[in-house]
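Chemist: dropping a prediction and its sequence here:
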Amino acid sequence: HAILDLKGYAGEGEFVETYPFVPYQFRLMQNVLAEIRKHGNSGKHLSGGERFMLSGFQEAAQAIQNKDEYALVPFYLFYDTLHTFLDSSIRHVIDRCQDAADHHDGIEQYDVNILKLLYLVRYVDDIKANVDNISILMAEDIRTDKISTRLEIQQSLDRLVSQNYVSRAGDTYTFLTDDEQDIAREIRNTPVDSAIITKAISDIIFGKLFVSKKFRYGKYDFPYDERIDETVIGQLTGSIALHFITVASEIYTMDDSVFRMKSATDNEVIIVLAESQPYFKELEDAMKMRRYVKSKNVTQLPEMIQTIIRARQNQASAHEKRAEELISAAIVAGRIYVAGDKLMMKVSSVKDCVERAMSVLVESVYTKLGYIRKNYDSDADLLQILNGSRQMALAGTESPNAEASKELLQYLEIQKERQLPTSMGDLQKRYQAIPYGWREIDIAAIVAELIAAQKLVLKYGGVIISPSDKKIIDYLRKKTEIDKAIIA
């Protein structure tokens with residue numbers, strides 16, 4: 001059936017007819033009774049008849065008879081009508097909570113009322129027991145201040161969770177039976193190493209939120225190292241790095257100057273996740289549940305317990321999904337350091353945040369990337385250069401990559417003075433690295449231009465190779481050949 005609408009009064013007429021009740025309470029109460037009967041939490045006498053509904057509403061109204069004309073009936077009051085019909089295992093949970101409240105043992109009276117409410121709506125799928133809905137269902141006065149009520153409810157739920165009466169999955173809270181409480185207690189006591197949680201965070205960041213292994217900058221693809229809390233994830237691949245710092249890191253609380261310096265010396269983007277998002281706790285809860293389930297031979301357990309454990313596995317998935325949302329928010333709201341600076345930028349997504357920061361990094365690290373003004377795409381382009389059809393110098397115009405050519409010729413001059421032979425492989429290594437970052441094909445194109453202009457020669461096996469030699473492209477580009485091709 002359709003989602004129950006927790007709406008107020010449609011108008012004056014409805015208010016007059018139903019006050020001090022709210023219209024949704026009539027339908028909700030029918031659903032509650034039907035679900036409690038279905039889930040076997042009731043003694044024999046709980047019939048869904050109108051007589052029970054009448055007595056329920058009558059007793060709830062009597063409970064607020066001494067209040068003023070602004071009073072409303074909060075939904076938890078219906079529990080008191082029901083409780084004599086309920087299974088003793090349910091009553092026992094509420095009574096134990098009441099006892100804790102009476103003795104001020106980590107629980108307050110308001111918490112007991114919320115626990116009663118959570119029991120009533122526990123099996124009603126239409127109602128998600130989140131803070132918003134609970135605050136509507138707990139309303140006991142027309143003048144209620146929504147903000148302070150929400151805060152009060154959140155604090156109450158936190159106490160109920162910490163005292164093991166209630167479990168939380170994402171933003172939804174669930175009443176726990178005795179068996180469920182035992183399992184919840186065992187899960188809470190299951191140890192999980194923080195390194196495993198950090199690994200899970202890195203799986204979410206690099207496996208779901210920002211998955212590309214190379215950073216695309218115009219025509220360029222820069223491989224980068226993935227780091228989290230000063231640990232490298234996977235293999236070292238690049239000269240630059242993307243480094244996330246979580247709350248678990250020893251340097252998390254260091255001040256700006258440390259991160260500024262580190263970002264400059266290590267050529268990395270550092271993103272310090274915002275503290276405001278409780279992603280670590282969400283993943284810790286999920287890991288504890290998964291680890292607990294692994295430690296049990298579930299199929300050998302009673303059916304009832306198996307059902308509880310299955311529900312816990314679903315809860316672990318909810319925690320993981322929520323953690324992903326929180327990590328994403330923590331990155332977007334995080335502090336970003338690049339090239340010795342703290343970046344101040346408004347971003348809307350993890351992708352946007354990382355790409356903008358990485359662009360700044362590339363520009364600050366690869367300072368001579370701009371020497372390449374024209375990019376090439378294929379061997380056919382190189383053949384055209386070598387055949388002279390792209391040789392600008394002949395037409396008296398300068399090559400678009402003249403700055404890069406000049407840089408390369410100067411280097412070869414120095415090598416010559418030192419009497420050091422330079423292979424095509426040496427040039428590829430040098431000019432793909434910092435501060436150049438040039439693409440392999442563009443480096444080959446610059447050398448091809450200089451060969452065509454007769455400013456350089458390529459020797460292979462001691463023999464000068466003619467620009468028209470059909471193997472020259474291999475000597476300029478093929479990994480197995482470039483170290484044997486000498487440029488002079």
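Modeler: That came through fine. Since we're looking at a predicted model, the values are computed, not measured. Numbers count the residues shown, from 1 in each chain.
Chemist: just the strands in the stretch 151-300 of the chain please.
Modeler: 166-169, 172-175, 214-217, 220-228, 231-233, 240-245, 268-272 (DSSP state E, counting those that start in this stretch).
Chemist: now Ala329: closest residue in space that isn't a chain neighbour?
Modeler: Leaving aside its sequence neighbours, Ala329 sits nearest to Gln277 (CB to CB, 6 or more residues apart in numbering; 5.1 Å). All C-beta atoms are positioned from the backbone trio N, CA, C, and that covers glycine.
Chemist: distance of that neighbour from Phe57?
Modeler: Gln277 sits 43 Å away from Phe57, taking CB to CB, to the nearest Å as the criterion.
Chemist: then Asp111?
Modeler: Asp111 sits 25 Å away from Phe57, going by CB to CB.
Chemist: for the protein, give me the ranges with low pLDDT.
Modeler: Low-confidence segments of the chain, defined by pLDDT under 70: 1-19, 40-54, 389-397.
Chemist: report the central residue of it.
Modeler: In the chain, the residue lying closest to the centroid (CA atoms, centre = their mean) is Glu324, at 2.9 Å.
Chemist: wait, which of the strands of the stretch 151-300 of the chain is closest to Tyr70?
Modeler: strand 172-175 (27.6 Å; CB to CB).
Chemist: gap between the closest one and the chain center?
Modeler: 23 Å (CA atoms, centre = their mean, to the nearest Å).
Chemist: before we move on, what about stretch 227-235?
Modeler: On CA atoms, centre = their mean, the centre of stretch 227-235 falls 17 Å from that of its chain.
Chemist: put the alpha carbons of it into PDB.
Modeler: In PDB, the C-alpha atoms belonging to stretch 227-235 read as follows (Å, rounded to 0.1, in the frame of the first residue of the first chain):
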ATOM      1  CA  ARG A 227      47.700   7.600  -1.400                       C
ATOM      2  CA  ILE A 228      45.600   7.500   1.800                       C
ATOM      3  CA  ASP A 229      47.000   8.500   5.200                       C
ATOM      4  CA  GLU A 230      50.600   8.400   4.000                       C
ATOM      5  CA  THR A 231      50.200   4.900   2.600                       C
ATOM      6  CA  VAL A 232      50.500   4.200  -1.200                       C
ATOM      7  CA  ILE A 233      47.600   2.300  -2.600                       C
ATOM      8  CA  GLY A 234      48.500  -0.100  -5.400                       C
ATOM      9  CA  GLN A 235      51.700   0.500  -7.400                       C
END
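Chemist: which residues does it contact?
Modeler: 198, 201-202, 205-206, 225-226, 241-246, 248-251, 268 (CB atoms under 8 Å, 6 or more residues apart in numbering).
Chemist: mind putting the strands of the stretch 151-300 of the chain in TSV, mean neighbour count included?
Modeler: Listed next are the strands of the stretch 151-300 of the chain as TSV, based on neighbours: other CB atoms under 10 Å:
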stretch	mean neighbour count
strand 166-169	23
strand 172-175	21
strand 214-217	16
strand 220-228	19
strand 231-233	14
strand 240-245	23
strand 268-272	25
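Chemist: can these go into TSV with extra columns for distance to Lys128?
Modeler: Converted to TSV, those look like this (distance: least, CB to CB, whole Å):
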stretch	distance to Lys128
strand 166-169	11
strand 172-175	6
strand 214-217	40
strand 220-228	33
strand 231-233	36
strand 240-245	32
strand 268-272	33
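Chemist: ok, the residue nearest to the centre of the chain touching Asp203?
Modeler: No. If you go by CB atoms under 8 Å, Glu324 and Asp203 don't touch, sitting 10.0 Å apart.
Chemist: quick check: longest helix of this protein.
Modeler: Determined from DSSP state H, the single longest helix within the chain is helix 303-332.
Chemist: any buried residues in that helix, and which?
Modeler: Counting neighbours by 16 or more other CB atoms under 10 Å, one finds that the buried residues in helix 303-332 are 305, 308-309, 312, 315-316, 318-320, 322-324, 326-332.
Chemist: again with stretch 428-438
Modeler: Neighbour-count burial for stretch 428-438 [16+ other CB under 10 Å]: 428, 431-432, 436-438.
Chemist: tell me where the stretch 251-400 of the chain has helices.
Modeler: All helices of the stretch 251-400 of the chain, identified by DSSP state H, counting those that start in this stretch, fall at 256-265, 279-294, 303-332, 350-365, 379-386.
Chemist: wait, the stretch 1-150 of the chain
Modeler: 12-18, 24-38, 50-63, 77-82, 88-102, 109-121, 131-137, 146-162.
Chemist: any idea how far Gln163 is from Ile114?
Modeler: 12 Å.
Chemist: between those two, which is the more surrounded one?
Modeler: Per other CB atoms under 10 Å, whichever of Gln163 and Ile114 has more neighbours is Ile114, with 27 against 17.
Chemist: more neighbours: which of Asp111 and Phe57?
Modeler: Asp111 (24 against 19).
Chemist: Ala139 is in contact with Tyr76, isn't it?
Modeler: No. Counting by CB under 8 Å, Ala139 stays clear of Tyr76, with 10.8 Å between them.
Chemist: so what sits against both of these two?
Modeler: By CB under 8 Å, 6+ apart, no residue touches both Ala139 and Tyr76.
Chemist: more neighbours: these two, which one.
Modeler: Tyr76 (23 against 19).
Chemist: picking that back up, count of residues packed around the residue nearest to Ala329?
Modeler: Gln277 is flanked by 21 other residues according to other CB under 10 Å.
Chemist: how many neighbours does His39 have?
Modeler: The burial count for His39: 12, using other CB under 10 Å.
Chemist: what does Leu361 give?
Modeler: Leu361: 23 neighbours (other CB under 10 Å).
Chemist: OK, contacts around it?
Modeler: Shown in contact with Leu361 (CB under 8 Å, 6+ apart): 240, 267-269, 338-339.
Chemist: right, so of the strands of the stretch 151-300 of the chain, which gets closest to Ala71?
Modeler: Proximity to Ala71 (CB to CB) singles out strand 172-175 among those, at 25.5 Å.
Chemist: circling back: okay if I get the helices of the stretch 1-150 of the chain as a markdown table plus distance to Lys296?
Modeler: Converted to a markdown table, these look like this (distance: least, CB to CB, whole Å):
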| stretch | distance to Lys296 |
| --- | --- |
| helix 12-18 | 49 |
| helix 24-38 | 28 |
| helix 50-63 | 40 |
| helix 77-82 | 33 |
| helix 88-102 | 22 |
| helix 109-121 | 26 |
| helix 131-137 | 32 |
| helix 146-162 | 22 |
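Chemist: would you tell me which one of those is buried the most?
Modeler: helix 109-121 (a mean of 23; mean count of other CB atoms under 10 Å).
Chemist: can I get that helix in CSV, CA atoms only?
Modeler: What follows is helix 109-121, C-alpha atoms only, in CSV (Å, rounded to 0.1, in the frame of the first residue of the first chain):
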residue,chain,number,x,y,z
GLN,A,109,11.9,9.3,30.5
TYR,A,110,11.6,10.9,27.1
ASP,A,111,13.8,8.0,25.7
VAL,A,112,11.3,5.5,27.0
ASN,A,113,8.5,7.3,25.1
ILE,A,114,10.6,7.2,21.9
LEU,A,115,11.3,3.5,22.4
LYS,A,116,7.6,2.8,22.7
LEU,A,117,7.0,4.8,19.5
LEU,A,118,9.8,2.8,17.7
TYR,A,119,8.2,-0.4,18.8
LEU,A,120,4.8,0.7,17.4
VAL,A,121,6.1,1.6,14.0
